[in-house]
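A.B. asks: Provided below are the primary sequence and the corresponding predicted coordinates.
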Amino acid sequence: MGTKAYLMVKMEMSYARDGHTDGMKELKAMPEIETVEPVSGDYDFVIAATVDAPVRVASVASEIRAKEWVKNLDVLKVEPAAPNPFLDEVCSTPGGECVRWCVQCGMCSASCPNVGKMDYSPRKIIALIRAGRRYDVLTSNSMWVCASCYLCTVRCPKDVKPTELMHALERLSFHHGLRHGATSTPAMYNAFVNSINNNGRVHELGLMSKFYLKTNPLAALKMIPIGLKLLSRGRMPLKPRKIRGINQLKTIIEKANVLGGAQ
Amino acid sequence: MGTKAYFLINVDEQITQNQEHLIRATGELEKIPEVEFVEPVSGIYDLMVKVDVPIRTIFVANKILEKEWVTRLLVLRIEPVEHRRIEHIEPEKISELSVTHLPQA
């Protein structure tokens, strides 16, 4: 069974006068297209298309969009009307609300500098969430590999925020104890948050010491030459320096924890 | 044969974030006799509805807009291409057309 979608097409004004018949013929000639109906209103055609893998709705949409008489095209992908608890869980997590807006154009995956290291690309992650594949999503390394560069977010044509989604998935994965075995990112997050909680700023030496002690102490040996250079130039203080008003910051963090439901 | 149209509907965020609520909303729309089918979609709209109405689409549109969870509704009336071509002819040229060129009612 393929993926069903509706493609709404608006014609260029110059073609809208006489080009409807020719446009319909062109569209009907495409094998993925089931029906083409001319409509009046904000669009000129409503196209029903069913595509089977490896063809994707986005590639059919691109093919239509490339026609010179097409001014605008919007894709509405038909979603299965069955209960999907995982989709609901992701949507109700802060940062995950955007999953339903995605049109699977693949811009996020094409923009991601780390996609080669991910089990599933950002586009696939969203498709898996919609398919209810909870275990596959939460055990993958994709969200942990995300570098939070926000390239996907700024390029998304539908204002989906894949970076926020990745952070939401990290929280869910950690909460359910399904995080990817090879990832050391949670240890880094913990060390970072502890440093901020204690000093109000990052103490690099303490942060990296805690991180390597929790993950791979031997790997810290590789960092010694860089550490010594930084120490000799006074770029890495041995003792942590606390900010002024650390108690006020702690109160803010406690309040944020309560509001965010942290345990 | 009545008028056929597609309604593109946006629903309240609370409905879209819970699949069960979305299914219930779909069911409510399917109960309207003029509605042929309702499909939940993802993209800039949340529901795609096809209707076949005996007189005017506005009556069914109003029925749907009465539901408090509907936030936006866009009507796309299905029209044969021939009808659209007639619409685009300049008024001064209409007199040049013979009756046989007009679409059959």
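C.D. replies: Okay, I see it.

A.B. asks: can you tell me which residues in chain B are near chain A?
C.D. replies: B:5-6, B:8, B:13, B:16-20, B:22-23, B:26, B:39-46, B:48, B:74-81, B:84-85, B:88 (Cβ under 8 Å from any Cβ of the partner chain). (C-beta placed from N, C-alpha, C; glycine too.)

A.B. asks: give me the three-state assignment for the nearest residue to residue A:160 once chain neighbours are set aside.
C.D. replies: Leaving aside its sequence neighbours, residue A:160 sits nearest to residue A:98 (Cβ to Cβ, 6 or more residues apart in numbering or on different chains; 4.4 Å). Following DSSP: H, G, I helix; E, B strand; the rest coil, residue A:98 is assigned to helix.

A.B. asks: contacting residues around residue A:98?
C.D. replies: Counting by Cβ atoms under 8 Å, 6 or more residues apart in numbering or on different chains, residue A:98 makes contact with A:159-161, A:164-165.

A.B. asks: now restrict these to buried residues only.
C.D. replies: In the contacts of residue A:98, burial by neighbour count holds for A:160-161, A:164-165, counting by 16 or more other Cβ atoms under 10 Å in any protein chain shown.

A.B. asks: surely residue A:19 is in contact with residue A:69?
C.D. replies: Yes: with contacts counted by Cβ atoms under 8 Å, residue A:19 reaches residue A:69, the gap being 5.3 Å.

A.B. asks: return every residue with contacts to both of the two.
C.D. replies: Common neighbours of residue A:19 and residue A:69 (Cβ under 8 Å, 6+ apart) are residue A:11.

A.B. asks: centre-most residue in chain A?
C.D. replies: Per Cα atoms, centre = their mean, the C-alpha nearest to the average position across chain A is that of residue A:162, at 2.1 Å.

A.B. asks: that residue and residue A:156 touch, don't they?
C.D. replies: Yes: the pair residue A:162 / residue A:156 is scored as a contact, 6.9 Å apart, by Cβ under 8 Å.

A.B. asks: identify the contacts common to these two.
C.D. replies: Contact criterion Cβ under 8 Å, 6+ apart; residues shared by residue A:162 and residue A:156: residue A:108.

A.B. asks: which residue packs closest to residue B:14, ignoring adjacent ones?
C.D. replies: residue B:21 (6.8 Å).

A.B. asks: can you give me the pLDDT of the one you found?
C.D. replies: In this model, residue B:21 is scored at 86, pLDDT.

A.B. asks: quick check: which element contains it?
C.D. replies: helix B:19-30 (DSSP states H and E).

A.B. asks: check residue A:4 too.
C.D. replies: strand A:3-11.

A.B. asks: show me where the chain has its helices.
C.D. replies: Reading this off chain A. Using DSSP state H, the helices assigned to chain A run over residues A:13-16, A:20-28, A:57-65, A:85-91, A:107-111, A:122-130, A:134-138, A:142-145, A:151-155, A:162-175, A:185-199, A:204-214, A:219-232, A:246-259.

A.B. asks: if you could check chain B rather than the one you did, that'd help
C.D. replies: Using DSSP H, the helices of chain B run over B:13-16, B:19-30, B:57-65, B:81-87.

A.B. asks: dump the third one to CSV, restricted to CA.
C.D. replies: Looking back up the chat, that one is helix B:57-65. Output of helix B:57-65 as CSV, limited to C-alpha atoms (Å, rounded to 0.1, in the frame of the first residue of the first chain):
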residue,chain,number,x,y,z
THR,B,57,-21.9,24.6,-0.5
ILE,B,58,-22.3,27.5,2.0
PHE,B,59,-25.0,25.7,3.9
VAL,B,60,-22.8,22.7,4.6
ALA,B,61,-19.8,25.0,5.2
ASN,B,62,-21.8,26.8,7.9
LYS,B,63,-22.8,23.4,9.5
ILE,B,64,-19.1,22.6,9.8
LEU,B,65,-18.1,26.1,11.0
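
A.B. asks: mind listing what's buried in that helix?
C.D. replies: For helix B:57-65, a neighbour-count test (16+ other Cβ under 10 Å) marks B:57, B:60-61, B:64 as buried.
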